[in-house]
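A.B. asks: Sequence and predicted structure are below.
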Amino acid sequence: MVRVRFAPSPTGPLHIGGVRTALYNYLFARQNGGKMILRIEDTDQTRFVPGAEQYIIEALDWLGIQFDEGVHIGGPYGPYRQSDRKPLYRQYAEQLLADGWAYYAFDRPEALEAKRKEYEAEKKTFQYDCTTRQGMENSLSLSTEEVQRRIESGEPYVVRFKFPENIDITVHDLIRGGVTMNSRLLDDKVLFKSDGMPTYHLANIVDDHLMEITHVIRGEEWLPSAPLHVMLYKAFGWESTMPQFAHLPLLLKPEGNGKLSKRDGDRLGFPVFPLDWHDPKSGELSSGYREKGYLPQAVVNMLALLGWNPGTEQEIMSMDELIKLFNVEHISKSGAKFNVEKAKWFQHEYFQMLSDEQVAEYLQKEVGARGITASHDYVVKVAALMKERITFPSELWDTCCYFFVAPTEYDPAAIKKRWKAGMTTHMAKVIEILNTVPFEYDTIHQALLEDYIKGNELNMGSVMNSLRLAVVGKTVGPDMLTLVMMLGKEETIRRVQRAIDTIGEVESQS
């Protein structure tokens, strides 16, 4: 059975790139009838941020990315939080030491820093590897007795992986094909520390093995670590059950130069996190897609196509369609530029798919928040008429307010352009028509547009836009007579009379 995992660290809010990684894992698992696991990788306790784990769970739940096992629901391979698995990692570190695949290193931070500066002075970069380890303080350069003495005296140490000298290591990647690196280019990574905590590299491999993970789908930033992970499977004798790897391309800045960051979002005014995040240390607020009014299905669809395509021109896809169409082979090798306008386009498309009742729910909240009473049926009618103009729920009130509140001010630019000399006479005629003919769309259309405006060879745009200005306060909105029918005769007459009284007659412009 296919088993994949999403394994974030609780070091802050979940970046939208991490959300895409979770989504691709989910699509792959569901397409193959497999299992999706949420594992929290919190081995680095110095970077732990309170609230981050719950944020991750809430964000993925909002987006509809569902888990079969995980830190929040349990499962047969738990615990699913690495800090709760701490006791089991030591035995695997000791196994590597016993089998000659790892060694103790006692180098103090200041000694390592001095070595780095020594190399920098020679315009070189220091790396703790097969070419330098014999000159450092470790169990390869010290006697067995000295090593034992240091450990027994409580001297801090780390356990480093011992790469074989000068061998080629090939990572078989489902997206990139074979990626080969020579061991002389790789540093002997720290796997375990004397405080009993493993590093990501050891815990990751041990947990993936014990949880029977079959495919590791993760960001390309982990590609340089993949040779170490392949060698760890070899060192433990787990090569036959080693998962297949797929390293996803980066999400790039809208300009394309570099990884998408929070600063890009701040600079260009779009979120890079799924939900709002209140930093517990600084108190700073970072905006999220949910609170900006994005629909989760729009975010999912948008993210799915950042680095993958179905091989067709289709862009709008539900989660079920994405599951059906997803194919790792169609994931791009190169980074995907984030497109702010395209994100808004997806939001608009999905907002239009909402039922009139669903849009009315959003609108009713805006109406109620202003202490206005309106019938449910009326709000639904307004929603149906206006939703095509809406991208985000936050736009509803500004776009629809005149259905609920009469204007008290009139756009000065529109007055100057539309309210010409003699317009008060025309508006008075509108009131007369509304008072004398049956209040029906077709009847008013005939009496006002055909008989009065066309019959008297008046400028249709000038009169109707002035009527709109009187009723709305500006020259935007839906079909004018549809709006009149929505507002009702008395309310329309009241608004037109108020405009006549407020704007008044203007002098003819020569």
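C.D. replies: Yes, it's here. Numbers count the residues shown, from 1 in each chain.
A.B. asks: Could you use CA atoms for every contact and neighbour count after this?
C.D. replies: Noted.
A.B. asks: Where do the domain boundaries of this structure fall?
C.D. replies: Per the record, the chain has its domains at 83-248, 355-402, 406-510, by automatic domain parsing.
A.B. asks: what's the closest of those to Pro296?
C.D. replies: domain 355-402 (12.4 Å; CA to CA).
A.B. asks: give me the low-pLDDT residue ranges for this protein?
C.D. replies: 507-510 (pLDDT under 70).
A.B. asks: what ranges do the strands span in it?
C.D. replies: Counting by DSSP state E, one finds strands in the chain at the ranges 3-6, 35-38, 69-70, 102-105, 158-161, 168-173, 177-182, 190-193, 215-219, 244-248, 251-252, 277-278, 285-286, 336-337.
A.B. asks: what would those strands look like in TSV with mean neighbour count and distance to Leu305?
C.D. replies: Shown next, in TSV, are the strands of the chain (neighbours: other CA atoms under 10 Å; distance: least, CA to CA, whole Å):
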stretch	mean neighbour count	distance to Leu305
strand 3-6	24	19
strand 35-38	24	21
strand 69-70	21	27
strand 102-105	23	42
strand 158-161	24	38
strand 168-173	17	20
strand 177-182	13	21
strand 190-193	22	36
strand 215-219	21	16
strand 244-248	21	13
strand 251-252	22	11
strand 277-278	17	25
strand 285-286	14	24
strand 336-337	20	9
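A.B. asks: Any idea which of these gets closest to Leu112?
C.D. replies: strand 102-105 (11.2 Å).
A.B. asks: Let's see the closest one as PDB, backbone CA atoms only.
C.D. replies: Extracted C-alpha coordinates of strand 102-105, given in PDB (Å, rounded to 0.1, in the frame of the first residue of the first chain):
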ATOM      1  CA  ALA A 102      29.100   6.700  12.400                       C
ATOM      2  CA  TYR A 103      31.500   8.100  14.900                       C
ATOM      3  CA  TYR A 104      31.600  10.300  18.000                       C
ATOM      4  CA  ALA A 105      32.800  13.900  17.600                       C
END
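A.B. asks: OK, contacts around the residue positioned nearest the centre of the chain?
C.D. replies: The centroid of the chain falls nearest to Ile16 when counting by CA atoms, centre = their mean (3.5 Å). If you count contacts by CA atoms under 8 Å, 6 or more residues apart in numbering, Ile16 has them with 272-274.
A.B. asks: Now list the buried members of these.
C.D. replies: 272-274 (16 or more other CA atoms under 10 Å).
A.B. asks: Arrange those residues in a markdown table, one row each, with distance to Gln45 as further columns.
C.D. replies: Listed next are these as a markdown table, based on distance: CA to CA, whole Å:
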| residue | distance to Gln45 |
| --- | --- |
| Val272 | 25 |
| Phe273 | 23 |
| Pro274 | 24 |
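A.B. asks: Closest one to Lys259 out of those, please.
C.D. replies: The nearest one, if we look at the buried ones among the contacts of Ile16 relative to Lys259 and count by CA to CA, is Val272, at 11.5 Å.
A.B. asks: Looks like that closest one contacts His15 (just checking).
C.D. replies: Yes: taking contacts as CA atoms under 8 Å, Val272 lies within contact range of His15: 6.0 Å.
A.B. asks: How much space separates the spatially closest residue to Asn204 that is not a sequence neighbour from Pro10?
C.D. replies: Among residues not flanking Asn204 along the chain, Glu41 sits closest, at 8.0 Å (CA to CA, 6 or more residues apart in numbering). For Glu41, the distance to Pro10 (CA to CA, to the nearest Å) stands at 7 Å.
A.B. asks: His445 too?
C.D. replies: In terms of CA to CA, His445 sits 63 Å off from Pro10.
A.B. asks: what's near enough to touch Ala470?
C.D. replies: Applying CA under 8 Å, 6+ apart, the residues near Ala470 are 410, 495-496, 498-500.
A.B. asks: same check, this time on Arg47
C.D. replies: 10-11.
A.B. asks: follow-up on the earlier one: out of the domains of the chain, which comes closest to Gly256?
C.D. replies: Short answer: domain 83-248, nearest of these by CA to CA, at 16.2 Å.
A.B. asks: Verify the contact between Leu449 and Met460 for me.
C.D. replies: Yes: the pair Leu449 and Met460 qualifies as a contact (CA under 8 Å) at a distance of 7.5 Å.
A.B. asks: so who does Gly256 touch?
C.D. replies: 336-338.
A.B. asks: any chance of the domains of the chain in a markdown table, plus distance to Phe346?
C.D. replies: Shown next, in a markdown table, are the domains of the chain (distance: least, CA to CA, whole Å):
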| stretch | distance to Phe346 |
| --- | --- |
| domain 83-248 | 22 |
| domain 355-402 | 9 |
| domain 406-510 | 23 |
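A.B. asks: can you tell me which of the ones you listed comes nearest to Ile37?
C.D. replies: Using CA to CA, the nearest of the domains of the chain to Ile37 is domain 83-248, at 9.1 Å.
A.B. asks: first to last residue in that closest one, what's the distance?
C.D. replies: Per CA to CA, domain 83-248 runs 27 Å from first to last residue.
A.B. asks: Tell me the gap between that domain and the middle of its chain.
C.D. replies: 32 Å (CA atoms, centre = their mean, to the nearest Å).
A.B. asks: swap in stretch 371-378?
C.D. replies: Per CA atoms, centre = their mean, the centroid offset for stretch 371-378 relative to its chain is 34 Å.
A.B. asks: can you list the residues that contact that stretch?
C.D. replies: Residues beyond stretch 371-378 that count as contacts (CA under 8 Å, 6+ apart) turn out to be 364, 367, 404.
A.B. asks: got it, and stretch 62-76?
C.D. replies: So stretch 62-76 is contacted by 22-23, 26, 35-40, 57, 60, 78-81, 296-297, 299-300 (CA under 8 Å, 6+ apart).
A.B. asks: Apply 6 Å and report the result again.
C.D. replies: The contact list for stretch 62-76, computed with CA atoms under 6 Å, 6 or more residues apart in numbering, reads 35-39, 80, 296.
A.B. asks: now stretch 288-306
C.D. replies: Counting by CA under 6 Å, 6+ apart, 20, 63, 271, 273-276, 336, 346-347, 350, 392-393 sit against stretch 288-306.
A.B. asks: If you rank those by neighbours, which is first?
C.D. replies: Pro274 (28 neighbours; other CA atoms under 10 Å).
A.B. asks: Next, work out how far apart that residue and Ala29 are.
C.D. replies: 22 Å.
A.B. asks: With Arg418 instead?
C.D. replies: For Arg418, the distance to Ala29 - CA to CA - is 60 Å.
A.B. asks: go on, Ala360?
C.D. replies: In terms of CA to CA, Ala360 sits 36 Å off from Ala29.
A.B. asks: Ile372 now?
C.D. replies: On the measure of CA to CA, Ile372 and Ala29 end up 48 Å apart.
A.B. asks: same check, this time on Gly283
C.D. replies: Taking CA to CA, one finds Gly283 at 37 Å from Ala29.
A.B. asks: Check Ser375 too.
C.D. replies: With CA to CA as the criterion, Ser375 and Ala29 are 46 Å apart.
A.B. asks: Any figure for the gap between Asp377 and Glu361?
C.D. replies: For Asp377, the distance to Glu361 - CA to CA - is 11 Å.
A.B. asks: Between these two, which is the more surrounded one?
C.D. replies: Glu361 (16 against 11).
A.B. asks: ok, which stretches of the stretch 51-200 of the chain are helices?
C.D. replies: In the stretch 51-200 of the chain, the helices defined using DSSP state H, counting those that start in this stretch lie at 52-62, 86-98, 109-121, 144-152, 200-210.
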